[in-house]
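A.B. asks: Give the three-dimensional model of this entry:
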Amino acid sequence: MTTFYTVINWFIVFGYWLLIAGVTLRILMKRRAVPSSMAWLLVIYIIPLVGIVAYLSFGELHLGKRRAERAKAMWPSTAKMLNQLKENQRIGPSEYSTVARPLFQLCDRRQGIDGVKGNQLQLFTTADETLRAMIQDIKLARHNIDMVFYIWRPSALVNKVAEALMAASRRGVHCRLMLDSAGSLQFFRSSYPSMMRHAGINVVETLKVNLLRIFLRRMDLRQHRKMVLVDNYIAYTGSMNMVDPSYFKQNAGVGKWIDLMARIKGPVATTMGIVYTCDWEIETGKRIFLPPPNFNLIPLEQTREQTSGHIIHVIASGPGFLEELIHQALLTAIYSARENLIMTTPYFVPSDDLLHAICTAALRGVEVRIIVPHKNDSTMVRWASRAFFSELLEAGVKIYQFTDGLLHTKSVLVDGQLSLIGSVNLDMRSLWLNFEITLVIDDDNFGKDLACVQEDYIMRSQLLNDKEWKNRPFWHRWIERLFYFFSPFL
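C.D. replies: Numbering: from 1, shown residues only. Take a look at the predicted model:
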């Protein structure tokens, strides 16, 4: 018996180290940032069993077999739609500004489509004006309404959006709604899904959370886009979820959420529609057949707008979409800056490349300002982001901490000309994992509008003092470094 137990123990020990060696080899074989690999290896060797389970659950980008197959199969039809859009000379821009040209060239070469001109943009800085404008567009919809949000929380004005959407469906408008399973948990526990489906709305719960399939698909992969499409010509996107900030997370102690949304009218809505069709096919396996883009059918007054208007490019990221494009676009935009760079984000946990680009811009004389919330709803992100402040301050970057609520706006403005707005945070999750969307706008008039919004944020913020920061308590530094260790996972 002693020999038997000895053999069993040796098999257990051998299997244990074989498992660790196998996961180690798997980490080393993946081409990823060195800090991320080192962080995972340390976790696995310090707390082996927990580390292995964590890595198999969250360490790699598992979309799931069926979704991955759908993502691969959708590209021929997607490329065809993009080519149809690209062939229309009326919406293709003739030239770009100097600061925008490198980024648009990158997008053209990687996505196979140029920017789209002839778009009209309107910025909304409050949930009230955004939702009321959205309700009005829904009431005027004639053909289709497509929505995707990370969070839909029933309350007050949001319920009026739901009522308008159900009324549109009853009068024959084709309505589709995709909501993230984790972000919209309260919605799916409410009566609204059955009410909407009864009204004829196709409601889809995306990326369902299922612990039984935890090793088959990464559970923290989320559908983070915020997008509304009406009749393939009016679109909304930005940082705002379908929530009323007067009620949303009021117990979190961070104040009212501050967001930015853009209402777009023009041909770029078709590009956004192509992104939506991809998301729909990945999640449901069903293909949406968009009508061929025929902008000759647009009313005369809208045709005149196509000789001017904003030049916009849409960048979509996530599994099944082009890898690293969002990250490359941000790096290109930052390195294109010559005079000033303003960035706003609620969650600041940049990659080493992104941090280096920001610091380099400041060191070569660009006025760099970053606006982040003073209080954050994520304790880990709050402490991890502070670990980057010293290096930024030493390079000459001005850091503003927004004190009038939780600043949730995601925006970048380069030299007052090139703007990036959408759902992308400056953290690892947005850059490498989630389904996100960003609008790239080459227009100085829109840049002035965005600059006014950002300057308003600065007026409601506190400038981080370099001397005070250096004299912060030692235990703050210890916690910052502790959470910095987890920054590759945030």
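
A.B. asks: Report the rounded mean pLDDT for stretch 344-363.
C.D. replies: For stretch 344-363, the mean per-residue pLDDT is 95.

A.B. asks: That one spans what distance, first to last residue?
C.D. replies: One end of stretch 344-363 sits 20 Å from the other (Cα to Cα, to the nearest Å).

A.B. asks: same thing with stretch 102-120?
C.D. replies: Taking Cα to Cα, stretch 102-120 runs 23 Å from one end to the other.

A.B. asks: any idea of the mean pLDDT in it?
C.D. replies: Stretch 102-120 carries an average pLDDT of 87.

A.B. asks: Over to stretch 239-252?
C.D. replies: Rounded mean pLDDT across stretch 239-252 is 83.

A.B. asks: helices and strands around the longest helix along the chain, which ones?
C.D. replies: As assigned by DSSP state H, the longest helix anywhere in the chain is helix 2-29. Under the contact criterion of 3 or more Cβ pairs under 8 Å, 6 or more residues apart in numbering; DSSP states H and E, helix 2-29 touches helix 34-46, helix 48-58. For the C-beta atoms, the positions are set from N, CA and C on the backbone; glycine is no exception.

A.B. asks: all helices of the stretch 51-200 of the chain, in order?
C.D. replies: 65-73, 75-86, 101-111, 127-140, 156-170, 185-188, 192-198 (DSSP state H, counting those that start in this stretch).

A.B. asks: Could you dump these into a markdown table and include distance to Val268 and mean neighbour count?
C.D. replies: Converted to a markdown table, those look like this (distance: least, Cβ to Cβ, whole Å; neighbours: other Cβ atoms under 10 Å):
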| stretch | distance to Val268 | mean neighbour count |
| --- | --- | --- |
| helix 65-73 | 23 | 15 |
| helix 75-86 | 10 | 15 |
| helix 101-111 | 13 | 17 |
| helix 127-140 | 16 | 18 |
| helix 156-170 | 23 | 18 |
| helix 185-188 | 28 | 18 |
| helix 192-198 | 28 | 15 |
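
A.B. asks: By mean pLDDT, show me the worst of the helices and strands packed on helix 2-29.
C.D. replies: helix 48-58 (a mean of 68).

A.B. asks: what sits up against the helix or strand hosting Thr360?
C.D. replies: Thr360 belongs to helix 352-363 when elements are defined using DSSP states H and E. Contact with helix 352-363 is made by 33, 35, 327, 330-331, 334-335, 337, 341, 343, 350, 368, 370, 388, 391-392, 395-397, 426, 431, as judged by Cβ atoms under 8 Å, 6 or more residues apart in numbering.

A.B. asks: how about that helix: buried residues?
C.D. replies: Leu354, Leu355, Ala357, Ile358, Cys359, Ala361, Ala362 (16 or more other Cβ atoms under 10 Å).

A.B. asks: is it possible to export those residues to JSON lines including distance to Gly422?
C.D. replies: Converted to JSON lines, the buried residues of helix 352-363 look like this (distance: Cβ to Cβ, whole Å):
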{"residue": "Leu354", "distance to Gly422": "16"}
{"residue": "Leu355", "distance to Gly422": "21"}
{"residue": "Ala357", "distance to Gly422": "19"}
{"residue": "Ile358", "distance to Gly422": "19"}
{"residue": "Cys359", "distance to Gly422": "24"}
{"residue": "Ala361", "distance to Gly422": "21"}
{"residue": "Ala362", "distance to Gly422": "24"}
